[in-house]
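**Q** Sequence first, then the predicted structure:
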Amino acid sequence: MTNPDNIVRVRARNGGRASVYEANGWAQAYSSGLLSGTGVTQNTSADMNVLVGGSTSKPDVLLAENPAGYKVALDVVGQQAVAITAPATNSRISAIVAYTDDLSLPTTEDTVTGSPASCGLIVVNGTAAANPTAPTDAQIRTAITADGATGSQAAYCVIATILVANNTAIITDSLITLNYAGS
């Protein structure tokens, strides 16, 4: 699975233990999305990269949801530059997606450190069109499956969407729309 520098992790409680079921109670009050942190911002260099994530001392917190409606908190514990490409024609909406493929982390497991091997961070491109739309659930699940996860079961979160025209040469904050977790 694509998880650069293992920055996406299942949120662990004290002692490194994690439980979807424990987190699900409070998480049900929110929709999936960015719960806290910076999310996605333009790169410090003027280019086609965006910066995703927080830091180890102050991670971004995301809520991901699986098809059954269970939610799990994910941490983005480092800042990663992610490349965005412009379409050949028209415009496209690209989504920055974090996901986990492992929703069965036991509360009794002493060695769980966020299970980064079960997590991913990918760009999912919508279809280029005169009036583009964001990638659909089916497109995102197909991309997650292609990235090595069980896309039909994975919990994912769209952190942000980016509107990219065919002539875009620099991604700026004005093109980025953060997807905040709502209550």
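**A** Looks like it arrived, so ask away. Please read all numbers here as calculations on a predicted model, not as lab measurements.

**Q** And for residue 180, the neighbour number?
**A** By other CB atoms under 10 Å, 16 other residues sit near residue 180. Placement of C-beta: from N, CA and C, glycine included.

**Q** Just grab the bridge partners of it for me.
**A** Beta-bridge partners for residue 180, by DSSP bridges, are residue 34.

**Q** For residue 116, see how far away it is.
**A** 24 Å (CB to CB, to the nearest Å).

**Q** For the protein, which segments count as helices?
**A** Under the criterion DSSP state H, the chain carries helices at the ranges 20-27, 137-146.

**Q** Please name the residues that touch the nearest residue to residue 182 once chain neighbours are set aside.
**A** Excluding its sequence neighbours, the residue lying closest to residue 182 (CB to CB, 6 or more residues apart in numbering) is residue 31, at 4.5 Å. The contact partners of residue 31, taken as CB atoms under 8 Å, 6 or more residues apart in numbering, are 63, 65, 181-183.

**Q** ok, now residue 130?
**A** Residue 130 neighbours (CB under 8 Å, 6+ apart): 90-91.

**Q** Quick one, grab the pLDDT at it.
**A** Per-residue pLDDT puts residue 130 at 96.

**Q** any idea how far residue 91 is from it?
**A** For residue 130 relative to residue 91 (CB to CB), the value is 8 Å.

**Q** Count the residues that sit near residue 166.
**A** Residues near residue 166, counting by other CB under 10 Å: 12.

**Q** from here on, count from 40
**A** That works, and once the first residue is 40, the last one we named lands at residue 205.

**Q** Could you verify my assumption that it touches residue 125?
**A** Yes - between residue 205 and residue 125 a contact is recorded at 5.7 Å, counting by CB atoms under 8 Å.

**Q** Now residue 207: closest residue in space, sequence neighbours ignored.
**A** residue 125 (4.7 Å).

**Q** How much space separates the one you found from residue 133?
**A** From residue 125 to residue 133 the distance is 10 Å (CB to CB).

**Q** Disregarding residues adjacent in the polypeptide, which is nearest to residue 181?
**A** Residue 181 sits nearest to residue 190 (CB to CB, 6+ apart), 6.4 Å away.

**Q** Apologies, that question was intended for residue 184.
**A** Leaving out its chain neighbours, the residue that sits closest to residue 184 by CB to CB, 6+ apart is residue 190, at 3.4 Å.

**Q** gap between that neighbour and residue 210?
**A** 26 Å.
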